[in-house]
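A.B. asks: Curious how this folds, go ahead:
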Amino acid sequence: MNAPGSLDRPSPYGTAEQHAQIAQLLPRSFEHRSPSTGLSTNRNRQMQLMPESLSRTRMQDSLRQAESERTGQRLLTAQRMQRKAERASLRARRALAMAVMQ
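C.D. replies: Sure thing, here's the model as predicted:
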């Protein structure tokens with residue numbers, strides 16, 4: 001393949017006038033090239049940070065889910081303890097009633 005350009009910045013087809021018109025329409029960030037590498041600068045930083053953002057969101061979701069599960073477990077434990085305390089209270093009342101009856 002003898003086509004000019006690169007994968008990062010392919011050369012467009014057309015006349016020199018069309019190239020000039022396209023260059024006027026493009027923002028300046030598309031035209032800038034890094035002097036050390038010759039590659040285009042990061043044109044869309046947000047796109048490159050997307051995996052980081054997705055992993056952060058996934059981590060927050062898992063933390064939220066773990067917290068809700070812990071809250072549910074605490075609720076179940078509190079309900080069990082309340083039933084246990086009520087049974088102990090009933091046993092104490094029966095024991096007191098039996099002591100008074102004798």
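
A.B. asks: if you average pLDDT over the top helix by length along the chain, what comes out?
C.D. replies: In the chain, assigned by DSSP state H, the helix with the most residues is helix 50-101. Averaging pLDDT along helix 50-101 gives 93.

A.B. asks: Pull up the gap between residue 49 and residue 63, please.
C.D. replies: 20 Å (Cβ to Cβ, to the nearest Å). C-beta: built from backbone N, CA, C; applies to glycine.

A.B. asks: Also residue 56?
C.D. replies: 11 Å.

A.B. asks: With residue 85 instead?
C.D. replies: 33 Å.

A.B. asks: again, but for residue 98
C.D. replies: 53 Å.

A.B. asks: same question, residue 69
C.D. replies: 11 Å.

A.B. asks: same question, residue 80
C.D. replies: Applying Cβ to Cβ to residue 80 and residue 63 gives a distance of 26 Å.

A.B. asks: same thing with residue 45?
C.D. replies: Distance from residue 45 to residue 63, by Cβ to Cβ: 26 Å.

A.B. asks: Residue 91: neighbour count?
C.D. replies: Residue 91 has 10 neighbours, counted by other Cβ atoms under 10 Å.

A.B. asks: brain fart, residue 64
C.D. replies: For residue 64, using other Cβ under 10 Å, the count is 10.

A.B. asks: With residue 84 instead?
C.D. replies: 10.

A.B. asks: same check, this time on the one 5 residues further on
C.D. replies: Neighbour count of residue 89, defined by other Cβ under 10 Å: 10.

A.B. asks: how far away is it from residue 79?
C.D. replies: Counting by Cβ to Cβ, the gap from residue 89 to residue 79 is 16 Å.
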